[in-house]
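Asker: Pasted the sequence and its predicted model underneath.
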Amino acid sequence: MTAASNTHSVGVLGASGSSGAELIRLLSKHPRFSVSFATSRQYAGHSLRRVDPAAVDIELCHPDDADTSCVEAVFTCLPHGSSAPAVKRSRSGGARVIDLSGDFRLRDPETHRTVYGSPRDEQLAAEAVYGLSEFAEARVREAGLVANPGCYPTCTALAVVPAVKRGLLRGPLIINALSGVSGAGRTPSAKTHFCAAVDDVRPYNVGSSHRHVPEIEQSLRAWSPAGAPELPVIFNPHLVPLERGMLVTITASLPSLTPAELHEVYTDAYRGHDFVDVLPMGEHARIRAVARTNRAVIAIAPGHPRTRHAVITCAIDNLLKGAAGQALQNANTMFGFPIQEGLA
Ligand SMILES: NC(=O)c1ccc[n+]([C@@H]2O[C@H](COP(=O)([O-])OP(=O)(O)OC[C@H]3O[C@@H](n4cnc5c(N)ncnc54)[C@H](OP(=O)(O)O)[C@@H]3O)[C@@H](O)[C@H]2O)c1
């Protein structure tokens, strides 16, 4: 901390990307963090405004010129594979790290290799705390390295953890998910290019082939009570023609409670959580309610007595609660600040 400014210095690697630029926007308004460096290879020497005219006017530097040993925290907003070595360097220099990539989310080394195929330091991976903010605050507070959860896994976990913790759901968990195009990062592809995405809704990696499925399954195992049956996941993502936001609709068997009783469980579980709203029965979670905020909204459908199913919907902004917002919420926790700081 610099005594003169009374702020903590942080660096952002990958600041020109969708989530990096969002994080810079949040940090620029945060009263207790100051950005010492923001990196990009392609835009080094230029303002972030060259990437996005609505962005903060901050000069980007090349990652080779970013001294990670001079800051107290580093946010890595890099693609998976590129993030792991940057995390290692930053930790070696003494900084605390919040990694937005998938490089340290999966605990099991073999699963990590199968899903991401990129090397990482397994000792660091063993230290990493999976930072689902609402359920990991105590561990995040002490963490040197936080693996910030993926956007779909965040949305899904917020939607089911209160029920999973009590062993209330029976599988399979059928997760139909919608994501805006910014979920794919800033560089367009043949599938995410404006002309391909506009006026269409496209299922992709349906079934259980999306790389977020093992992360979702890991969460379900972590929060299930001992001896609870496995919850197999059927995950069906869809690309929708929105810039940002995501919504999951989850259906699972609910043998022992009515939806109204489940709603009470959720209301109790999220009481006092600033960033999660459980809607009254009969209302629906909508992306419009959460876009450009760090909030999640969750709804439990009234259901039908014949089917004994839970239908739970959750909406978040993929770039905020699903990435930069949750990362800042975790940083607030790590540095002992109120979690709303810079996010209200
Ligand atoms: N987008 C989302 O909704 C979202 C949600 C949750 C998590 N995430 C995760 O957050 C990370 C960033 O995602 P994003 O969507 O913001 O990606 P993005 O828009 O593609 O941005 C990637 C950033 O990393 C830099 N970069 C790329 N390759 C690099 C390399 N080899 N070495 C150093 N810098 C490199 C890019 O700038 P230069 O090429 O100029 O260096 C850019 O600043 C990813 O791991 C992603 O999975 C994204």
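Answerer: Alright, I've got the coordinates.
Asker: buried sites along stretch 105-120?
Answerer: Neighbour counts over stretch 105-120 (16 or more other C-beta atoms under 10 Å) mark Arg105, Leu106, Arg107, His112, Val115, Tyr116, Ser118, Arg120 as buried. The way it works is simple: take the backbone N, C-alpha and C, and place the C-beta from them, glycine included.
Asker: May I ask which two of those residues are separated the most?
Answerer: Within the buried residues of stretch 105-120, Arg107 and Ser118 form the most distant pair, 15.9 Å apart (C-beta to C-beta).
Asker: re earlier: list the ones among the buried residues of stretch 105-120 that fall in helices.
Answerer: The members of the buried residues of stretch 105-120 that map onto helices under DSSP state H are His112, Val115, Tyr116.
Asker: Got the domain ranges for this structure?
Answerer: Domain ranges of the chain: 8-127, 152-318, per automatic domain parsing.
Asker: For the helix ranked longest in the chain, which helices and strands make contact with it?
Answerer: When the chain is parsed with DSSP H, its longest helix is helix 151-165. Under the contact criterion of 3 or more C-beta pairs under 8 Å, 6 or more residues apart in numbering; DSSP states H and E, helix 151-165 touches strand 170-179, helix 213-223, strand 246-253, helix 259-269, strand 296-300, strand 309-316.
Asker: how close does Pro302 get to the ligand?
Answerer: As for Pro302, its distance to the ligand is 31 Å (criterion: C-beta to the nearest ligand atom, to the nearest Å).
Asker: Assumed that residue was part of a helix.
Answerer: No: going by DSSP: H, G, I helix; E, B strand; the rest coil, the assignment for Pro302 is coil, not a helix.
Asker: close enough to count as contact, it and Ala260?
Answerer: Yes: with contact defined as C-beta atoms under 8 Å, Pro302 reaches Ala260; the gap is 7.4 Å.
Asker: Identify the contacts common to those two.
Answerer: With contacts defined as C-beta atoms under 8 Å, 6 or more residues apart in numbering, the residues shared by Pro302 and Ala260 are Met281.
Asker: Where does the stretch 1-150 of the chain get nearest to the ligand, residue-wise?
Answerer: Closest residue of the stretch 1-150 of the chain to the ligand, C-beta to the nearest ligand atom: Gly17 (1.9 Å).
Asker: What's the local residue count around that residue?
Answerer: Residues near Gly17, counting by other C-beta atoms under 10 Å, number 24.
Asker: Quick check: residues of the stretch 101-250 of the chain near the ligand?
Answerer: Taking C-beta under 6 Å from any ligand atom as the measure of proximity, the stretch 101-250 of the chain contacts the ligand at Ser101, Gly102, Gly150, Cys151, Ser182, Gly183, Gly185, Arg186, Thr187.
Asker: Now tabulate these in JSON lines and tack on neighbour count.
Answerer: Formatted as JSON lines, these follow (neighbours: other C-beta atoms under 10 Å):
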{"residue": "Ser101", "neighbour count": "25"}
{"residue": "Gly102", "neighbour count": "25"}
{"residue": "Gly150", "neighbour count": "24"}
{"residue": "Cys151", "neighbour count": "28"}
{"residue": "Ser182", "neighbour count": "23"}
{"residue": "Gly183", "neighbour count": "25"}
{"residue": "Gly185", "neighbour count": "15"}
{"residue": "Arg186", "neighbour count": "15"}
{"residue": "Thr187", "neighbour count": "9"}
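Asker: Taking the residues you listed, tell me the two that lie furthest apart.
Answerer: Using C-beta to C-beta, the pair of these lying farthest apart is Gly150 and Thr187, separated by 18.2 Å.
Asker: Buried residues, stretch 228-242. List them.
Answerer: For stretch 228-242, burial by neighbour count (16+ other C-beta under 10 Å) applies to Ala228, Leu231, Val233, Phe235, Asn236, Pro237, His238, Leu239, Val240, Leu242.
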